[in-house]
Structures are given as C-alpha cells and as structure tokens.
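Novice: With the input below, show me the fold.
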Amino acid sequence: NSETTTSSESACDSYVWDGVTYTASGSYTNNYINSSGCDSIHTLNLIINKSDTTTSTETACDNYIWDGTTYTTSGVYTKNYTSVEGCDSAHILNLTINNSSFTTTSAVSCDGYTWNGNTYYNTGTYVWTTTNSTGCDSIATLNLIINQVYAEITQSGETLKASTSPPGLNADWYNTQTENGSKRIWLMEEDTSTFNPIFDCSYFIVVNHEGCIDTSETYFYAANAARIGSFVASPNPTKGMVNVKFQNNKNQVVIFDLIGNNGIKLDQFITTEDNLDVDLSKHSSGTYYLYFNSEKAVQGCRLEETQRVSTKIILNK
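Specialist: Numbering: from 1, shown residues only. Next up, the predicted model:
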C-alpha cells in the first residue's frame, strides 16, 4: 500500500530536512518508495521563527545603566536573550560616555575675590556648576582664604600700640607733619607692636600680613593729649566753689579761662590734674563760662584739629 505521513516542525532561522535547508515557513512534500515498493508521501508543516537583532545608540554623562549593569566608558556592548519562540535575540548598544568636568582653584585675597562673576568677601569653599561642551556638568570648586588686615593705633599712657586684625601683628610707624602746605612723612620705627614718641605729633602705622597691607588712620598724639572730652562742673548753680572734672590722659597742662556774660576774660586757671576747684566767690552773682582751648596746651608739631569747649556756670550768692 502507498503511505502518506504528515509532520509539523518549528525552527529558528532555518530547518534542514532530507538535506535541504528551509528558511521560510510553509508546507513541504517529499516523495519516497517504501519498503513494499509503493509510493510514500511525507508532508512537512514547517514554521520558521526568526532570531532578532536590534541596535540602539545612547549618549550619557559619566555612566549609563543598561539591564542592571553600569557602564562608565564608551564602547559597543551586546546582550543575548531568548525570544518567546525560543530563538536567540541579540541587542547591540552603541554607547558614548562623556565625562563631567571638575576643577579646583585655591586663592588668597586681601579683601574681596571675584570668581565667575561673583565677589566673595569671606573665607570658605564655593562651588560653581555649569555645562561643558559635551552637555555634561562642569563643576568648579574655589577654596578661598580672605586674609583681611586691619590696623589701628591705640594709646596707653605715653605708649602707642598697634591694634591689629589678625591680632598680634607688628607694624611700621610713621610720623607725618604738614608745614607750609607740604606734607612730610618719616619712618620712625620698623616691625614693632609699640612705639614711644619722643615728641607730640601725628602718626600712622602700616601692617603687612602675608602680602596684605593696611594703613591705619592718622593718630593725633598731641591732639589726643590736648583734648579733654566733655567736662562737668558741680555744683551748678553754685554759691562760690565749683569742681570741674575732665579727661587728662597725659597729665598735660590744662588751661581754663573764666569768661563773663559780657565776653570779657575775668580769670585763668591752670592744672595738670583731671579735676580743678574754681573759686568764684570774688565775683558777683550771674552767669559765667569756663572755656578750654586745646591750642593753648600744645607745642611743637602742628595739630590737624583743636578742641574748644565751654560750660556755663551760674553763681548765686
């Protein structure tokens, strides 16, 4: 008898049947002679499933995560999978990794420091973030030290002292005088924190700390000595005796003039102390003025400023 058989097969990409390679799905028939010498017909129902290859291109900054794996360098990467039909599936990744930019700058400035359009006045670490030419972060870090220097002259008794920031800096000491419209400056002493003037005048200091320099305001040594601030007379009104208290830092000769209500000088009082007893008992009741003029107490160096103060005293006998 003749024989007819049918078979069904599935394959990936190709199937070899009786020496013939099939790459497409379909029904195929081969004819044979069976052992009885009769026709034998074999039909093959074939399904060909194709393997799958896909390609993608990606660009990332610093790293890229693909199927749970982190990539940090550019390259071509392949991963193999199995499709639902059981065939190979290959995924090719063309990856470009661009790096972020990191720069660090260290700077020391005496006052403010301008960086990337911003001016900073305090010591600290500052960060500036922008985008580089590849579209990734460009992160710049500034380590900044503000080395601000401040100098001032203070006085303790007859000694001038350099008061500085940072504390404890030495200074160069200068004397300045103005004569006939011309200003003259002399270096008096170098690299010291204190200075004892040998004559009354105006002084300033210059401090240099790690390349940062500050010059103090002019200190009027004579003017400071010859100023007494405000002064207080008590009791006021008085029946005769008045005590006057004031500042006299250098025990200078302080001269007060007693002026009557008509502007006429009536008396003069001189002391080197910081208080003075004034006896008005020889004058008649009325209003009087005790007047101080620092120009009378200063000799030698020309003063930049003077002090003229007065207080009103009422005498009621």
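
Novice: what residue ranges in the stretch 201-317 of the chain score low on pLDDT?
Specialist: Confidence mapping of the stretch 201-317 of the chain against pLDDT under 70 gives the ranges 222-229, 249-253, 293-308.

Novice: Mind doing that once more with 90?
Specialist: 201-202, 210, 220-232, 246-257, 261-263, 269-275, 290-311, 314-315, 317 (pLDDT under 90).

Novice: What segments of it are strands?
Specialist: 202-209, 212-215, 219-220, 232-234, 241-245, 254-260, 265-271, 275-279, 286-293, 308-315 (DSSP state E, counting those that start in this stretch).

Novice: The ones you listed into CSV, with extra columns for distance to V108?
Specialist: The way it works is simple: take the backbone N, C-alpha and C, and place the C-beta from them, glycine included. Formatted as CSV, those follow (distance: least, Cβ to Cβ, whole Å):
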stretch, distance to V108
strand 202-209, 11
strand 212-215, 8
strand 219-220, 29
strand 232-234, 51
strand 241-245, 50
strand 254-260, 49
strand 265-271, 53
strand 275-279, 52
strand 286-293, 49
strand 308-315, 47
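
Novice: Which of those sits closest to S100?
Specialist: Comparing those against S100 with Cβ to Cβ, the closest turns out to be strand 212-215 (35.1 Å).

Novice: Output the contacting helices and strands for the closest one.
Specialist: strand 150-156, strand 202-209 (3 or more Cβ pairs under 8 Å, 6 or more residues apart in numbering; DSSP states H and E).

Novice: Mind listing the strands that strand pairs with, and their directions?
Specialist: strand 202-209 (antiparallel) (DSSP bridges).

Novice: report the angle between the axes of the partner strand and strand 150-156?
Specialist: 130 degrees (axes from the mean of the first three to the mean of the last three Cα atoms, to 10 degrees).

Novice: buried residues in strand 202-209?
Specialist: S202, Y203, F204, I205, V206, V207, H209 (16 or more other Cβ atoms under 10 Å).

Novice: Could you list the low-pLDDT ranges of the stretch 51-200 of the chain?
Specialist: When residues are selected by pLDDT under 90, those of the stretch 51-200 of the chain lie in 52, 82-86, 111, 155-159, 176-184, 186, 196-200.

Novice: Please enumerate the helices of it.
Specialist: Using DSSP state H, counting those that start in this stretch, no helices are assigned anywhere in the stretch 51-200 of the chain.
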